[in-house]
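*Asks:* the sequence and its predicted three-dimensional model are supplied below.
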Amino acid sequence: MLRAVVIAGLPLMAIGSGSALAQSTELDELRERVQQLENKLEGAVSTAPELTEDNPYLLRDGDGIKIGSTTISFGGFIKADAIFGSHGNGSLNSYSIGLPRTFASAAASDESDWKTGFSARESRISIGTKTEDVVGHTLTTYLEMDFNQDLNDGMNETGNEIVSNSYSPRLRQAYGSWNGWDFGQTYTTFTDLAAMPEILDQGKQAAFIYATQPMIRYNMAAPGGKLMVSLENPEDGYYGNSYDDQSYPDLAMRYQIRGHYGFYSIAGLLRNFEDNAADETITDGAVSLSARIPTVGRDDLRLQYSYGALGRYMGLLTYPDVDLAALAQGDVEPLKTYGATAAYRHFWSPAWRSTLTVSHTEIVDDLVAPPAGTLSYFDSSTSVHANILWSAHRNLTLGLEYAYWDFGEIATSSSMQYEQVMASAKLSF
């Protein structure tokens, strides 16, 4: 009887054993698939962009159209601004092109009424390419344009606000990179984009280093980060008036450390100042320290301090490169200035954030009030920006920002103020 039962149960045991084996195999396959999915998700999370891009001016390495061995990608954004400025005189486009000097001019106008301006001129178009295996290295190119010409360009070039509001494209960046080399026009090596505060009126802090120009640059790995050395386009002028052509390029260097504790950077600048009429040449320079420090959650603190012959490199041409009163007497004297910027960005939620930015710049040299037109009529400026931004998606940001400026008059203790309220919608593609 026992033998008969055992013999009868063998098929069932075999089936059970086969079923257990099949289940074990399926479980192993399932575990492997889950592990693969977790790895993919982990990679996606680590490389996914934040709701807001910390620096929208750098090329994103995304999908594109491949033609032959070259992948072409398109990007940019539409930015619509509504700007309300105090002490206005209603001059052409002054509220859509505003620079620190135009803010100072408005503050000095003795007008107390607020003026309104709308603009879409900061909108940008970018084209990037990536070609694999160009003599053993990847070659990339980047071209970027906007429509935000300077007020001094003239009526025919800047368009008008009467009927068409039409403006010509303006080159911002055009450069290529290969084997550690950059050739073309991009942001000066002397600036640190990682430390740039996130404000709606981008770049228009009192003291931030912010300039684009043609250059030749080499990038190399260094302990903890990288080292950049460049020869850049030389210029010493003031609002369309170039003092003289320069014999030597500007030399800029930056050492940047990047890690879990943030970005830290030190930069140096060596410049040549010439005036043929005075038959005088002077070499001078400047230094800059900057940092972007993670704090609580996604919050961060951004700092920058600069000192030396900064001239056109700081504050969007706030001060001349040289003392114009001395230049009128035949002497080339680079103006020594300093600037400091601090910004704290706080995330209220994944979609809502705010940045508070304080920036100050000042001429170090002792100046007496010069004749009108020979030098800026203010020797210090302070800006404060506070905003609230909402990004429901990484391609859509709406924001509101308040800015306050204080300009100190030369050789006096008095100052003039300017205020601005700005509402923006930025739609990226």
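*Replies:* Structure received. Residues are numbered from 1 along each chain as shown.

*Asks:* can you give me the neighbour number for the residue nearest to Ser424 when sequence neighbours are not counted?
*Replies:* Counting by C-beta to C-beta, 6 or more residues apart in numbering, Leu200 is the residue found nearest to Ser424 once chain neighbours are left out, at 4.6 Å. To be clear about C-beta, it is placed using only N, CA and C from the backbone, and glycine gets the same treatment. A count of neighbours around Leu200, defined by other C-beta atoms under 10 Å, yields 22.

*Asks:* how about Leu200, phi and psi?
*Replies:* Phi and psi for Leu200, reported as degrees, to the nearest 10, are phi -70, psi -40.

*Asks:* how about Thr281?
*Replies:* Phi and psi for Thr281, reported as degrees, to the nearest 10, are phi -130, psi 130.

*Asks:* same question, Asn395
*Replies:* The phi and psi values for Asn395, taken as degrees, to the nearest 10, are phi -100, psi 0.

*Asks:* over to Ala104?
*Replies:* phi -60, psi -40.

*Asks:* and it, how far from Gln256?
*Replies:* Using C-beta to C-beta, to the nearest Å, one obtains 33 Å as the distance from Ala104 to Gln256.

*Asks:* who has more neighbours, these two?
*Replies:* Ala104 (22 against 19).

*Asks:* I figured the more buried one hits Thr382, correct?
*Replies:* No - at 11.5 Å, Ala104 does not count as touching Thr382 under the criterion of C-beta atoms under 8 Å.

*Asks:* common neighbours of the two, please.
*Replies:* Trp405 (C-beta atoms under 8 Å, 6 or more residues apart in numbering).

*Asks:* below-threshold pLDDT in the protein: ranges please.
*Replies:* With pLDDT under 70 as the threshold, the chain has low-confidence stretches at 1-63, 88-97, 110-112, 150-160, 237-245, 276-278, 367-377, 411.

*Asks:* which SS class is the nearest residue in space to Ile125 that is not next to it in sequence?
*Replies:* With C-beta to C-beta, 6+ apart as the measure, Gly76 is the residue that lies nearest to Ile125, at 4.4 Å, once sequence neighbours are left out. Gly76 carries the three-state label strand when classified by DSSP: H, G, I helix; E, B strand; the rest coil.

*Asks:* distance of Gly76 from Leu398?
*Replies:* The spacing between Gly76 and Leu398, counted by C-beta to C-beta, is 18 Å.

*Asks:* ok, Ile282 next?
*Replies:* Counting by C-beta to C-beta, the gap from Ile282 to Leu398 is 48 Å.

*Asks:* now Asn179
*Replies:* Note on Asn179: its distance to Leu398, by C-beta to C-beta, is 42 Å.

*Asks:* likewise Gln213?
*Replies:* Per C-beta to C-beta, Gln213 is found 32 Å from Leu398.

*Asks:* again, but for Ala106
*Replies:* In this structure, Ala106 and Leu398 are separated by 26 Å, where distance is defined by C-beta to C-beta.

*Asks:* and if you look at Arg292?
*Replies:* For Arg292, the distance to Leu398 - C-beta to C-beta - is 24 Å.

*Asks:* let's verify Ser106: helix, strand, or coil?
*Replies:* One thing to correct before we go on: residue 106 is Ala, not Ser. Look at Ala106: counting by three-state DSSP, its state is helix.

*Asks:* distance check, it against Arg271.
*Replies:* Relative to Arg271, and taking C-beta to C-beta, Ala106 is found at 31 Å.

*Asks:* domain ranges for this protein, per the record?
*Replies:* If the domains of the chain are taken from automatic domain parsing, they occupy 1-43, 58-428, with pieces of a single domain joined by a plus sign.

*Asks:* thinking again about what came up before, neighbour-wise, which of Ala106 and Arg271 wins?
*Replies:* With other C-beta under 10 Å as the criterion, Ala106 and Arg271 differ in neighbour count, and Arg271 comes out ahead with 27 against 24.

*Asks:* helix or strand for the more buried one, which one?
*Replies:* strand 262-275 (DSSP states H and E).

*Asks:* just checking: what are the partner strands of that strand?
*Replies:* strand 250-259 (antiparallel), strand 280-294 (antiparallel) (DSSP bridges).

*Asks:* among those strands, which comes closest to Ser123?
*Replies:* Counting by C-beta to C-beta, Ser123 lies closest to strand 280-294 out of the strands paired with strand 262-275; the figure is 26.7 Å.

*Asks:* list of residues touching the closest one?
*Replies:* Surrounding strand 280-294, the residues in contact under the criterion C-beta under 8 Å, 6+ apart are 190, 192, 194-195, 209, 247, 260-274, 300-310, 313, 330-334.

*Asks:* next SSE downstream of it?
*Replies:* Next element after strand 280-294 (DSSP H and E): strand 300-308.

*Asks:* now that next one, how far from the centre of its chain.
*Replies:* How far strand 300-308 lies from its chain's middle: 14 Å, per C-alpha atoms, centre = their mean, to the nearest Å.

*Asks:* also stretch 266-282?
*Replies:* Between the centre of stretch 266-282 and the centre of its host chain there is 27 Å, according to C-alpha atoms, centre = their mean.

*Asks:* the spatially closest residue to Ser86 that is not a sequence neighbour: neighbour count?
*Replies:* Spatial nearest neighbour of Ser86, chain neighbours left out: Glu419 (4.3 Å); criterion: C-beta to C-beta, 6+ apart. Using other C-beta under 10 Å, the number of residues around Glu419 comes to 17.
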